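Trainee: Sequence plus the predicted model coming up.
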Amino acid sequence: MSHQKLLQHITDMALIILLLVGCRAPTPTPEPVTIRVAPDGTGDYPTLEEAVRRAPEGATIFLVPGTYRLEEPLHIYKSLRLMGAGMDETEIVSNAPDYVICFSGDGPFAAEDITFRHEGEAVADVVVVEGGDVAFARCRFTGAVYVEGEEDRAGLWLQGSTTGIVQDCEAVENDNIGILIEDRAQPTLEGNVCSDNAGSGIAYFGNAGGVALGNDCARNRKGFGILVGELAQPALEGNVCTDNKGAGIAYGGNSGGVARQNECLENWAGIAVGERAQPMLEENVCMDNGEIGIFYFGNAAGVARQNKCSGNGLYGISIEEQAQPTLEENVCSDNEDTGIAYSDNASGVARQNECSGNGIGIGVLDQAQPTLERNTSISNKKIGIFYLGSAAGVARQNECSGNRMHGIAVSEQARPTLEENVCTDNEQSGIAYGDSASGVARQNECTGNLMGISVIDHAQPTLEGNVCSDNENTGIAYSGNVGGVARWNECSGNRAGIVVVEQAQPTLEANICSDNEIAGITYGGNAGGVARQNECSGNGIGIVVLETAGPDLVDNDCHDNTEQDIVDLRP
């Protein structure tokens, strides 16, 4: 056969094949199979178990109203759809151990309008899913039995690589967990009620994820509304978690993910983040909880942004142990004790948060060392920012105004760095140091207070470049056995610029004390120390030294004061 004839033969055969394929009749789609069962055996099969055994793949089993009792756990290995007449009308019940029903395989599996209930004392889950794609709608899972110290049990347990959706269901009154998502499962849980369980409403473990959207998790008696542990990374959005024994939402292990726009009300804590968890918490409302709005502990971290933490029994946000989260743009108002509280060895960053109407705006104690930047701490019942214990860290560019005591207070052995803060219109001091406190206050603005900066007891701070103006009484006041250094500060428009009394011994260097009503610098009591190269002008008197005081006055520039430049009453 010639080369040309061979090509023609191949072309003719291809045309024949194409014609045969084009003329072939389409494969018919099999009609869906629907099987009807009834509790009294009057359906297509005498029992539910028999219907499941004999149903083809993809069949729908319709359960007429009534109670279906299983003598043994029912394991379904094929793709099926169970359809009831409503969760209050159709019920599948068993008292057997392990589970009521288990689905396994590739799916899809579906169940609608059915209650699954375990009864009796045998340890068991209610419904277990071991992988595949599932769809549960308007089902109830109840009666799981748990023994303390053994593996968790749940109303609905999604394992393996399960995907799919659980929607408008109820997981209620189980001995342990309402819905448990474990291993690599990634379901969507939407609009479910997971309440009145002995443990938690919803729990994620292993490498689980997926989305929990708009669920109601209330009154879970020993655990949490939603619990996220191990390496789980779910997205929790728009859930309502109320009146749970522990937290509304709790993170532990190395978990993470996102919690966004959830409401956590009237729990012990709104959201708790412990161990090494690092979730993103955004726009949640954590109000009226017994103690804490958001609680970080252990080595927890992550970000809390734009949450509202108000009306809680103790703290808006509490950071304890070695936790180090980033807190940004949260509103912490009207909490009984403190808006944001750091303790133990906690650290991290609090930036642009608003703390108002609390007992204390921001509290830092023990060995905590956070960075506080550009927060607004106003109109609190006591203090805007309060350091005590051996606390340290940095407070920078915060606004602390209108507080009933001090703008910033530093007590005990605390030693923070305070930089560029604005402390105005506080009823006592803009910045107050007491006990044995130290540290640095640099370039702060303290105006409109009773006193700009006060230093009492045994405190020894360094005050540099602060503006202490237009305070009702004193710009800078030292009393007790205090010391430290005040240099390059501007004290003007006060009743007195700098006052040093009792046994105080500070070093005052290169300060500008001008236009104060009584005096630029005043020494009284047994005060001493050094005043060097200060400029005192436009005051009533430049420098006043009363009879018993004993400072060293060196190279001060006192001029243009209205009464006298220096009044030294020492013998």
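Mentor: Nice, thanks for sending it over. Numbering: from 1, shown residues only.
Trainee: After the one helix or strand in the chain whose mean pLDDT sits lowest, which helix or strand is next? Please name it.
Mentor: In the chain, no helix or strand scores lower on mean pLDDT, DSSP states H and E than helix 3-23, which sits at a mean of 41. Reading on from helix 3-23 to the C-terminus, the next helix or strand found by DSSP states H and E is strand 34-37.
Trainee: Tell me the helices and strands packed up against that following strand.
Mentor: Judged by 3 or more CB pairs under 8 Å, 6 or more residues apart in numbering; DSSP states H and E, strand 34-37 is in contact with helix 48-54, strand 59-63. C-beta: built from backbone N, CA, C; applies to glycine.
Trainee: mind saving the C-alpha coords of it as PDB?
Mentor: Output of strand 34-37 as PDB, limited to C-alpha atoms (Å, rounded to 0.1, in the frame of the first residue of the first chain):
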ATOM      1  CA  THR A  34     -36.600   7.000  47.500                       C
ATOM      2  CA  ILE A  35     -37.200   4.400  50.200                       C
ATOM      3  CA  ARG A  36     -40.000   4.900  52.800                       C
ATOM      4  CA  VAL A  37     -39.600   3.400  56.300                       C
END
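Trainee: ok, residues contacting it?
Mentor: Residues outside strand 34-37 that contact it (CB atoms under 8 Å, 6 or more residues apart in numbering): 43-45, 47-48, 51, 55, 59-64, 68.
Trainee: and those residues as TSV, adding distance to residue 158?
Mentor: Shown next, in TSV, are the contacts of strand 34-37 (distance: CB to CB, whole Å):
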residue	distance to residue 158
43	29
44	30
45	28
47	27
48	22
51	24
55	23
59	23
60	22
61	21
62	24
63	22
64	28
68	23
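Trainee: Among those, which one has the most neighbours?
Mentor: When neighbours are taken as other CB atoms under 10 Å, the top entry among the contacts of strand 34-37 is residue 63 (25 neighbours).
Trainee: dump the residue contacts of it.
Mentor: Residue 63 sits in contact with 37, 38, 48, 82, 83, 84, 85, 90, 92, 114, where contact means CB under 8 Å, 6+ apart.
Trainee: These in strands, which ones?
Mentor: Judged by DSSP state E, the contacts of residue 63 include 37, 82, 83, 90, 92 as members of strands.
Trainee: TSV for those, including pLDDT and neighbour count?
Mentor: What follows is these, written out as TSV (pLDDT from 0 to 100; neighbours: other CB atoms under 10 Å):
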residue	pLDDT	neighbour count
37	97	25
82	98	27
83	98	18
90	98	23
92	98	24
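Trainee: The spatially most central residue of the chain and residue 505, how far apart?
Mentor: Residue closest to the average C-alpha location in the chain (CA atoms, centre = their mean): residue 294, at 4.1 Å. Separation of residue 294 from residue 505 (CB to CB, to the nearest Å): 44 Å.
Trainee: Check residue 527 too.
Mentor: Going from residue 527 to residue 505 by CB to CB gives 7 Å.
Trainee: out of the two, which sits in the busier spot?
Mentor: Using other CB under 10 Å, the more surrounded residue of residue 527 and residue 505 is residue 527, with 24 against 18.
Trainee: residue ranges with poor pLDDT in the chain?
Mentor: Applying pLDDT under 70 to the chain picks out residues 1-31.
Trainee: repeat that with 90
Mentor: In the prediction, the chain carries residues with pLDDT under 90 at positions 1-32, 105-107, 120, 148-151, 570-571.
Trainee: quick one, what contacts residue 437?
Mentor: By CB under 8 Å, 6+ apart, the residues touching residue 437 are 387, 410, 411, 412, 413, 414, 415, 459, 460, 461.
Trainee: Pull the contacting residues for the fourth one.
Mentor: Residue 412 sits next to 388, 389, 390, 435, 436, 437 when contact means CB under 8 Å, 6+ apart.
Trainee: again, 6 Å this time
Mentor: By CB atoms under 6 Å, 6 or more residues apart in numbering, the contact list for residue 412 reads 388, 389, 435.
Trainee: so which of those is the most crowded?
Mentor: Comparing the contacts of residue 412 by number of neighbours (other CB under 10 Å), residue 388 comes first, having 19 neighbours.
Trainee: Ramachandran angles for it?
Mentor: With angles defined as degrees, to the nearest 10, residue 388 sits at phi -150, psi -180.
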